[in-house]
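1. Need the 3D shape of this:
(one chain, ligands or ions: 1)
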Amino acid sequence: MKDTSKHQGLRNQLASILQAKGITDEKVLNAIRNIPRHLFIDSSFESHAYQDKAFPIAAEQTISQPYTVAFQSQTLNINKGDKVLEIGTGSGYQTAVLLELKAEVYTIERQQELFKKTSLFLPKLGYKPKKFIFGDGYKGLPEKASFDKIIVTAGAPYVPKPLLAQLKVEGMLLIPVGDKTQIMNLFIRKSAKEFEKQELGDFAFVPMLEEKN
Ligand code: SAH
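-> Numbering: from 1, shown residues only. Alright, predicted model coming up:
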């Protein structure tokens with residue numbers, strides 16, 4: 001696992017590209033500058049690591065596009081100590097950004113190969129979530145609820161009710177909803193029963209799958 005000044009230069013460039021696309025949160029940009037994204041993808045494709053593109057990882061899944069990761073992180077306004085539930089660990093890159101922002105992270109992955117790979121890999125880089133969970137994100141994580149923020153990093157056909165139910169009041173759920181492409185939906189819990197909803201533009205994610213293996 002090598003990280004060089006050349007990689008650092010490419011990361012700085014990537015952060016500038018994201019800034020030009022509208023990412024203004026310095027803490028998020030610093031996370032992008034710090035995390036060695038090239039180590040999250042197969043080494044033979046290293047040259048792709050610092051382009052603003054999604055890229056295949058294992059098990060027909062993808063590491064999300066850096067802009068998308070930065071956008072979701074910025075939108076959720078992650079504060080130090082926030083209790084965050086992430087659905088779709090994947091490569092662990094978004095997890096690493098949340099940890100750079102000093103959140104307390106619980107992350108769920110339903111694909112066993114990725115779950116195993118990433119739960120071994122991330123701690124080696126020094127990124128330690130509170131818990132890696134192998135399971136179905138549609139259920140959330142009731143035993144650890146409630147959460148300040150919930151981030152879904154796969155395209156959901158609908159908004160799973162358990163995720164809304166597991167938010168603190170003033171907590172936020174950010175979830176891409178749709179079939180082939182998705183609309184980024186932000187829900188802010190206003191009270192036990194009330195949620196405010198905002199739609200924040202079009203994105204493309206791999207699907208959030210239900211109980212299939
Ligand atoms: N944040 C990740 C994105 C990976 S792609 C990254 O940047 O690498 C989305 C991930 O969601 C995939 O790993 C997929 O296996 C996972 N996923 C899909 N449906 C899921 C579900 N119901 N519960 C948990 N994870 C799910």
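
2. near the ligand, which residues of this structure show up?
-> With the criterion set to C-beta under 6 Å from any ligand atom, the chain comes near the ligand through 61-64, 87-88, 90-91, 93-94, 108-111, 114, 136-138, 153-154, 206, 208-209. All C-beta atoms are positioned from the backbone trio N, CA, C, and that covers glycine.

3. what sits against the nearest residue to residue 137 once chain neighbours are set aside?
-> Spatial nearest neighbour of residue 137, chain neighbours left out: residue 87 (3.3 Å); criterion: C-beta to C-beta, 6 or more residues apart in numbering. With contact set as C-beta atoms under 8 Å, 6 or more residues apart in numbering, residue 87 has these partners: 108, 137, 140, 150, 151, 152, 153, 154, 163, 208.

4. Try it again at 7 Å.
-> Contacts were defined as C-beta atoms under 7 Å, 6 or more residues apart in numbering; by that measure residue 87 touches 108, 137, 152, 153, 154.

5. Double-check the last one against residue 89; I have them as touching.
-> Just to be clear, that refers to residue 154. No: using C-beta atoms under 7 Å, residue 154 is not in contact with residue 89; the gap is 10.3 Å.

6. residues making contact with the longest helix along the chain?
-> Longest helix of the chain, by residue count under DSSP state H: helix 5-20. With contact meaning C-beta under 7 Å, 6+ apart, helix 5-20 is reached by 29, 32, 33, 36, 38, 50, 52, 66, 67, 70.
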